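Asker: Take this sequence and fold it.
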Amino acid sequence: MTTAQLTISTILLITLVLFAWGKYRHDIVAIFCLVMATVAGVVPADDAFSGFGHAAVITVAAVLIISHALKNAGVVTVIASYLTPFTGNIYIHIASLTCVVTVASAFMNNVGALALMLPVAIATANQANRSPALILMPLAFGSILGGMTTLIGTPPNIIIASYRAELTGQPFSMFDFSAVGFLVAIVGLAFITLIGWRLIPADRSSGDGSKALFEISHYLTEIEVKPESSLIGEPIANIEAFNSEQIDIVGFAQKNGFARPLPRDYQFTAGDILLVQGDPAHLQSVVEEHALALMTSASNSFVPPESDKEIMLEGVVGQNSPLVDRSVEFLRVQTSRTLALVGIARNGETITTRLKRQRFSAGDVLLVFGNADSIDSQFHDLGLWPLAKRPLALNRQRQVVPALMVFAGAIALGVAGVVTLPIAFLMAIGIYILMNAISVREIYDEIDWPVIVLLGAMIPVGRALESTGTTDWMANVILQVTEGLPAAALLAMVLIVTMFLSDIINNAATALVMAPIGVAIATSLGVSSDAFLMAVAVGASCAFLTPIGHQSNTLVMGPGGYHFGDYWRMGLPLEIIIICISVPLLLIVWPL
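Answerer: Numbers count the residues shown, from 1 in each chain. Sure, this is the predicted structure:
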């Protein structure tokens, strides 16, 4: 073993330990690895930042942006409306939600697909009086399974395709991953739906771990019935949304600033201003479905922000806030009329006066609309404690069909080879901006920058493994240890080792580390490397044993009330099933 090989191996080993330890964020660890490798001379200084221009990095960033644009266009609302009738039976409930997120994950970032479906899952679970803990882990696992079926579903697939292109000049195409991934996903979904959810510990299943984080106080807000609204001429009793527990009509807004109760046979007319109380997620679907307009407390002198700087943010009125016992007019004056009140929640109380007549109390939760550049400082000056930012876009125009057509067109251009996939996605993003499906500010907000930094930093390190001959050395060691075993056994071993690494470190980092090792083993055996690369792609996507191996697992840990050791109960049998299915399929579809 040469000095260069020992150096890069030591740096990589330290990096893997830091990834597994989890004390430092993965992007910081990746930068540390890159800096150490550059200082040690195993990564040339001129190539240290070459990874940030890699096609895989651009593709991952573009997919995250497109995911958010599809959400803004109303796709999640449409999905939720179609899924609600399937929530009566627990098996159908889990199957329907998990199938949707699995299919969505095949054509968009799998974490983005899960983020789209997470509020839908929690809402439908609450409607069915069912613990979200029963739904969320299957949902997370489904997003992971769906990601392995196409090129763009998950970063490991993109990395593997790019790596093969560097080796042979020919990347894997969009659906090359489907031959193995599709059947794996089908069998995995069957296991999750019929058996897997039963393995979730009983105390998590019987409890509702999501309430502490996701049961948000209902806001009082105002909506106007526009002339084109489908509500016009309809009595309240006929509108399903206003007969549920999620949204309550407080009354009809009168000029004196108070709400007049509406009889059940009241028929809506254009221009009606309704005081409603409900969660923003549900309000959004109602506003979009019935062509309503969200009202604010803004006066005629309100200074609206530029379209790419619009933001809605929630904040709690602190004990020492200057807003306490003050009116909405005070809020306007203090912010130079650049902040508008959209909704207010007060300890579960039903409020019966209009927004412009409110006087604030400590503990009130305010939903406000303003300029992204100044809202943080305004919150500080007003004594508001900001809550976690949520994508609240209650007045955004629904554009489901055009948005899906643009996305389908980008996929078609990439698959047909007219342009590369990253370019096709960038073209789609440009169209979404013109459609106002996403703003310029949101483009930068929605990119998962730690993942981008991770990829950009680790790609040169992965190349250093090859340039120093370390991957060949590792492959030879594995071959010596497993001498006499058939190539199929080595293929299975690569798959299992990759799965193990993916459970303790980021799946993208796992793919970057294992891809060159898999190719080196295939070269030493004198067989095609395609099956080994596909084994790495499948294994890197199978992080089912811990909450840290995949962002989807981490995302549902708090809402589901899960413990660290809960994941392996359903994840271990699932990984064993995947190994048993994948190895024969890999040998058939990608012959050695």
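Asker: Could you say which helix or strand holds residue 251?
Answerer: Per DSSP states H and E, residue 251 falls inside strand 247-253.
Asker: name the helices or strands packed onto that strand?
Answerer: strand 259-260, strand 273-278, helix 280-289 (3 or more Cβ pairs under 8 Å, 6 or more residues apart in numbering; DSSP states H and E). Every C-beta, even on glycine, is put in place using the N, C-alpha and C of the backbone.
Asker: where does the stretch 251-400 of the chain have low pLDDT?
Answerer: Flagging of the stretch 251-400 of the chain using pLDDT under 70 yields the residue ranges 254-259, 279-282, 284-285, 297-299, 307-308, 347-352, 388-397.
Asker: where exactly do the helices run in it?
Answerer: 280-289, 328-334, 375-382, 400-416 (DSSP state H, counting those that start in this stretch).
Asker: One more: the stretch 401-550 of the chain?
Answerer: For the stretch 401-550 of the chain, the helices defined by DSSP H, counting those that start in this stretch cover 421-435, 440-446, 449-467, 470-481, 487-504, 507-525, 530-541.
Asker: hey, which of the ones you listed is tucked in deepest?
Answerer: Counting by mean count of other Cβ atoms under 10 Å, helix 530-541 has the highest mean neighbour count of the helices of the stretch 401-550 of the chain, with a mean of 29.
Asker: what about that one, distance to the chain center?
Answerer: 23 Å (Cα atoms, centre = their mean, to the nearest Å).
Asker: Residue 564: how many residues sit nearby?
Answerer: Other residues near residue 564 come to 10 when the count uses other Cβ atoms under 10 Å.
Asker: Ok, residue 337 next?
Answerer: By other Cβ under 10 Å, 17 other residues sit near residue 337.
Asker: how's this protein carved up into domains?
Answerer: Domain assignment for the chain by automatic domain parsing gives 217-294, 307-386.
Asker: any chance of these in TSV, with distance to residue 486 too?
Answerer: Listed next are the domains of the chain as TSV, based on distance: least, Cβ to Cβ, whole Å:
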stretch	distance to residue 486
domain 217-294	53
domain 307-386	58
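Asker: Figure out which of those is closest to residue 493.
Answerer: The minimum distance between residue 493 and those falls on domain 217-294, with 45.7 Å, by Cβ to Cβ.
Asker: now that closest one, how far from the centre of its chain.
Answerer: From the chain centre to the centre of domain 217-294 is a distance of 30 Å (Cα atoms, centre = their mean).
Asker: Pick out the least confidently modelled helix or strand of the chain, by mean pLDDT.
Answerer: helix 211-214 (a mean of 34; mean pLDDT, DSSP states H and E).
Asker: Tell me the strands beside whatever helix or strand comes next after that one, with direction?
Answerer: Scanning forward in sequence from helix 211-214 by DSSP H and E, the next helix or strand is strand 219-225. Using DSSP bridges, strand 219-225 pairs in its sheet with strand 273-278 (antiparallel), strand 292-294 (antiparallel), strand 340-345 (antiparallel).
Asker: right, and these - which one's nearest residue 266?
Answerer: Comparing those by their distance to residue 266 (Cβ to Cβ), the top pick is strand 273-278, with 10.2 Å.
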